[in-house]
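>>> let's see this in three dimensions:
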Amino acid sequence: MEAEKIGIKLFTISLFLLLLSETGSVFLSSVFSNHNMLILGSTRVLQLAVFLFAVSIFGQSMSDIGLGRQQIVPGIIIGLKWSFWFGVVALALLTLIFFIGFDILKILHTRLPATGGNLLLFFLVGGVIAPVTEEVLFRGILYGFFRRWGILIALFMSTLFFVLAHQAFSLIQITGGIIFAVSYEKEGKLMVPIMIHSLGNLSLFTLSIYAENTIIPILCMYF
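The predicted model follows:
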């Protein structure tokens with residue numbers, strides 16, 4: 001991956017837009033507390049739009065963040081391959097943890113909404129919209145900016161920002177940040193970490209449904 005594609009202006013403006021949009025999201029959530037997931041989803045869509053707009057204005061092209069037209073389809077295919085092998089390794093590790101005696105469902109558990117409609121919105125926002133927006137920012141822009149100082153610095157700083165944004169120094173967040181950065185460094189296509197991130201989140205949410213034993217009542221609501 002080429003270094004110094006992301007300049008200081010794009011980096012600074014992106015962080016400013018992030019701070020501004022997150023502040024607005026927190027304010028709206030405090031006023032309309034019953035619509036937190038809808039507000040979060042709308043915020044992530046807005047952030048994605050302004051980040052891509054900033055790249056188009058202050059960068060040279062979408063290829064700067066690995067989202068050039070010729071990079072998208074190959075990135076999806078490669079991302080599926082990475083996701084498959086990452087899933088195989090994760091399954092092997094979780095099986096080992098299970099036989100050691102730990103409750104793997106408790107370790108991977110994500111708190112889910114109680115109603116079917118909110119659950120579907122949760123899957124859409126957390127499994128599709130948020131991973132795209134987060135990868136554009138944390139890997140495309142932040143990793144790209146820090147890459148001028150070497151792979152290790154870029155990996156550490158982008159992962160640190162990623163973990164801080166999720167307000168949880170959990171093993172899952174740290175591992176995810178590292179995997180996403182390594183896949184982006186190796187392949188140079190942002191769709192690769194986007195696919196891994198999205199499919200990983202959807203898998204965690206699905207396991208959480210199983211863990212909470214909510215799948216049967218949810219199905220009954222729709223059939």
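
>>> need the contact list for the spatially most central residue of the chain.
Closest residue to the average C-alpha location of the chain: Pro131 at 3.1 Å, with Cα atoms, centre = their mean. Counting by Cβ atoms under 8 Å, 6 or more residues apart in numbering, Pro131 makes contact with 194, 197-198, 201. (C-beta placed from N, C-alpha, C; glycine too.)

>>> return the distance of the helix or strand hosting Ala54 from the chain's centre.
Using DSSP states H and E, Ala54 sits in helix 36-58. Its chain's C-alpha centre and that of helix 36-58 lie 13 Å apart, by Cα atoms, centre = their mean, to the nearest Å.

>>> quick one on the thing from earlier: highest neighbour count among the contacts of Pro131?
The residue in the contacts of Pro131 with the most neighbours, by other Cβ atoms under 10 Å, is Ile194 (28 neighbours).

>>> separation between the closest residue to that residue other than its chain neighbours and Ser158?
Leaving aside its chain neighbours, Ile194 sits nearest to Glu135 (4.6 Å; criterion: Cβ to Cβ, 6 or more residues apart in numbering). Counting by Cβ to Cβ, to the nearest Å, the gap from Glu135 to Ser158 is 10 Å.

>>> check Lys189 too.
16 Å.

>>> wait, Thr43 sits on Leu20?
No: using Cβ atoms under 8 Å as the test, Thr43 is too far from Leu20 to be in contact (10.7 Å).

>>> more neighbours: these two, which one.
Thr43 (21 against 12).

>>> ok, now which ones touch the closest residue to the more buried one other than its chain neighbours?
Take Thr43 and drop its neighbours on the chain: the residue closest to it by Cβ to Cβ, 6+ apart is Ser25, 4.1 Å away. Contacts for Ser25 (Cβ under 8 Å, 6+ apart) come out as 39-40, 43.

>>> residues of the longest helix anywhere in the chain that come out buried?
Using DSSP state H, we find that the single longest helix of the chain is helix 69-100. By neighbour count on 16 or more other Cβ atoms under 10 Å, the buried set for helix 69-100 is 71-72, 75, 78-79, 82-83, 86, 94.

>>> that helix - what's its average pLDDT?
What helix 69-100 shows for mean pLDDT is 92.

>>> which strands and helices lie in contact with it?
helix 104-108, helix 171-187, helix 191-212 (3 or more Cβ pairs under 8 Å, 6 or more residues apart in numbering; DSSP states H and E).

>>> name the nearest residue to Ile72, sequence neighbours excluded.
Looking at Ile72 with Cβ to Cβ, 6+ apart, the closest residue is Met191, at 5.6 Å.

>>> what is the neighbour count of the one you found?
With other Cβ under 10 Å as criterion, Met191 counts 24.
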